[in-house]
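[1] Next comes the sequence, and after it the predicted model I'd like to discuss.
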Amino acid sequence: MLLLLSLAVAVLFVKANDYDIEVLPEKCDCRDWYGGCRLKDDKWTDDSVWIYTCEKTNRQEATFEGCGSHDGKVVSVNSNTTIDNLWHTCEINEVFQKFEIEPHCETKNGRKKVGELFREGTFQWLCLPTGLWVKGCYYKNENGETILIPVGEKRLNGVVEHVCSKKQEYPAIVQYYAQVQSGIDVVPGLGGTNRNLPEAASNLVNDAEAKRWIHDSADAFISSDKSRSFIRYLPASRKP
């Protein structure tokens with residue numbers, strides 16, 4: 001009886017070991033991040049970010065070459081590179097790989113840095129880590145000079161009132177409009193057009209450009225909907 005029990009334990013022990021054996025293709029020079037096999041001199045990019053090459057022939061992990069930017073340029077490992085006036089960092093340690101792009105905003109007139117104020121159309125915009133924010137409205141007076149009105153304020157120009165106000169709080173929409181001051185009747189004169197009057201009665205921010213300002217330190221929402229921070233955890237991160 002003791003002999004039969006010993007044999008049963010031995011059989012179970014062998015079967016348990018069988019499950020621990022990893023079956024790999026005969027030709028397997030390198031292992032990628034997913035554990036798959038790659039051949040020597042293979043080069044590939046995972047998730048359009050992580051760039052690898054197979055330089056070994058002993059089934060070790062592939063070599064991490066660097067990070068790929070949105071423009072297709074390569075940032076070397078453990079370096080800080082300036083691309084299109086924005087810093088890009090690519091690093092690796094025992095626990096993770098990380099690729100980060102300087103926070104910025106994508107606009108119709110190119111990239112803007114965080115904290116940068118600029119004009120686009122009727123409105124003044126501020127680039128924030130979370131996206132674009134309207135700071136004011138522009139109008140021209142009778143001399144053709146451009147005047148900026150902060151959001152929530154108004155300016156008087158003759159009998160005309162120029163207003164830059166919030167249409168609603170959430171989602172945030174700012175509108176600019178001009179109107180004749182209340183209580184004043186404007187009678188068409190004989191001398192031509194009153195240059196104080198605006199050409200258009202109102203200019204409302206397009207609803208499609210109204211943003212929901214959700215604060216998220218991981219994704220850092222920008223108008224182009226492109227992430228600026230990427231991280232990939234390595235096998236060592238799973239060790240206790």
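    Sure thing, it's come through. Numbering: from 1, shown residues only.
[2] and Leu156, what are its bridge partners?
    Beta-bridge pairing of Leu156 under DSSP bridges involves Glu161.
[3] can you pull the pLDDT of it?
    Leu156 carries a pLDDT value of 82.
[4] What distance do you get for it to Gly115?
    31 Å (CB to CB, to the nearest Å). The way it works is simple: take the backbone N, C-alpha and C, and place the C-beta from them, glycine included.
[5] same deal with Cys90?
    When distance is defined by CB to CB, Cys90 is 24 Å away from Gly115.
[6] Let me see the domain layout of this structure.
    Structural domains assigned to the chain are 25-103+225-238, 106-183+194-209, following automatic domain parsing.
[7] Just put the ones you listed in CSV and tack on mean neighbour count.
    Listed next are these as CSV, based on neighbours: other CB atoms under 10 Å:
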stretch, mean neighbour count
domain 25-103+225-238, 15
domain 106-183+194-209, 15
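[8] Endpoint to endpoint, stretch 133-150 covers what distance?
    Between the opening and closing residues of stretch 133-150 we find a distance of 12 Å, counting by CA to CA, to the nearest Å.
[9] typo on my end, it should be stretch 144-162
    15 Å.
[10] From Cys105, how far out is Gly121?
    From Gly121 to Cys105 the distance is 15 Å (CB to CB).
[11] wait, I meant Ser48
    Taking CB to CB as the measure, Ser48 falls 21 Å from Cys105.
[12] Could the C-alpha coordinates of stretch 30-44 be exported in CSV?
    Provided in CSV are the C-alpha atoms of stretch 30-44 (Å, rounded to 0.1, in the frame of the first residue of the first chain):
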residue,chain,number,x,y,z
CYS,A,30,14.6,37.0,-28.6
ARG,A,31,11.5,37.4,-26.5
ASP,A,32,9.2,40.4,-27.0
TRP,A,33,7.2,42.2,-24.2
TYR,A,34,4.3,39.7,-24.7
GLY,A,35,6.6,36.7,-24.4
GLY,A,36,6.5,35.9,-28.1
CYS,A,37,9.6,34.9,-30.2
ARG,A,38,11.5,37.1,-32.5
LEU,A,39,14.3,36.4,-34.9
LYS,A,40,17.7,38.1,-34.8
ASP,A,41,17.8,41.6,-36.5
ASP,A,42,14.0,41.9,-36.3
LYS,A,43,12.9,45.5,-35.5
TRP,A,44,9.3,46.5,-34.5
